[in-house]
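1. Sequence first, then the predicted structure:
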Amino acid sequence: MGQEAELVEPRFARGCRCFAVMLDGAIAGYGWLSTGPEWIGELQLEIKPRKAEAYIWNCVTTPEHRRKGVFKSLVAGISAAARATGVKRVWIGSVAIPAEKAIEPLGFEPSARFRVVRFAGLFALSVRYPKSELGRDARSVLRPSHGHAGTITRRAH
């Protein structure tokens, strides 16, 4: 986990679970599962999964194992482990098209679209939700740090 090593203990203390894909005795990828609130730093949002929901986050595939299906296997395994504990819905965020293509066959569908702009010390976030039950549910679990869902503009941290 390299530079994130100091974050591991506090994550476990919050009740987060870590999962890994091992290939030839080495970690090929890892990711986290949380049933409690988590801060999504790149979006400046907090996600608060509801009862029987969880959030998969901070998934990393090591460079030498990219484009080999590690991420898809990792998400499938984390999702199965979550379901085994009674979780009915799993949320996951993606900012990369290859990742979105990998999780779609696993049953994930877009619940919100984000557009982030950072310029001259300002942070702007635009959030679009589908007009569906899934979109309404996404709106209820995603909380901007200031204001409401829609467009958020403020000085970057």
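-> Great, that's in hand.
2. counting contacts, what elements does the lengthiest helix in the chain pack onto?
-> Ranked by residue count under DSSP state H, the longest helix found in the chain is helix 70-84. Here helix 70-84 touches strand 17-23, strand 26-34, strand 53-61, strand 89-92, helix 97-103, going by 3 or more C-beta pairs under 8 Å, 6 or more residues apart in numbering; DSSP states H and E. The way it works is simple: take the backbone N, C-alpha and C, and place the C-beta from them, glycine included.
3. Mind doing that once more with 6 Å?
-> Secondary-structure packing of helix 70-84 (3 or more C-beta pairs under 6 Å, 6 or more residues apart in numbering; DSSP states H and E): strand 17-23, strand 26-34, strand 53-61, helix 97-103.
4. Export the ones you listed as CSV, with columns for mean pLDDT.
-> Below are the helices and strands packed on helix 70-84 laid out as CSV (pLDDT from 0 to 100):
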stretch, mean pLDDT
strand 17-23, 97
strand 26-34, 97
strand 53-61, 96
helix 97-103, 82
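5. Using CSV, lay out the ones you listed together with mean neighbour count and distance to Val75.
-> Formatted as CSV, these follow (neighbours: other C-beta atoms under 10 Å; distance: least, C-beta to C-beta, whole Å):
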stretch, mean neighbour count, distance to Val75
strand 17-23, 16, 9
strand 26-34, 19, 7
strand 53-61, 21, 6
helix 97-103, 14, 6
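6. Let's have the ones you listed in JSON lines, adding distance to Arg67.
-> Converted to JSON lines, the helices and strands packed on helix 70-84 look like this (distance: least, C-beta to C-beta, whole Å):
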{"stretch": "strand 17-23", "distance to Arg67": "13"}
{"stretch": "strand 26-34", "distance to Arg67": "12"}
{"stretch": "strand 53-61", "distance to Arg67": "9"}
{"stretch": "helix 97-103", "distance to Arg67": "8"}
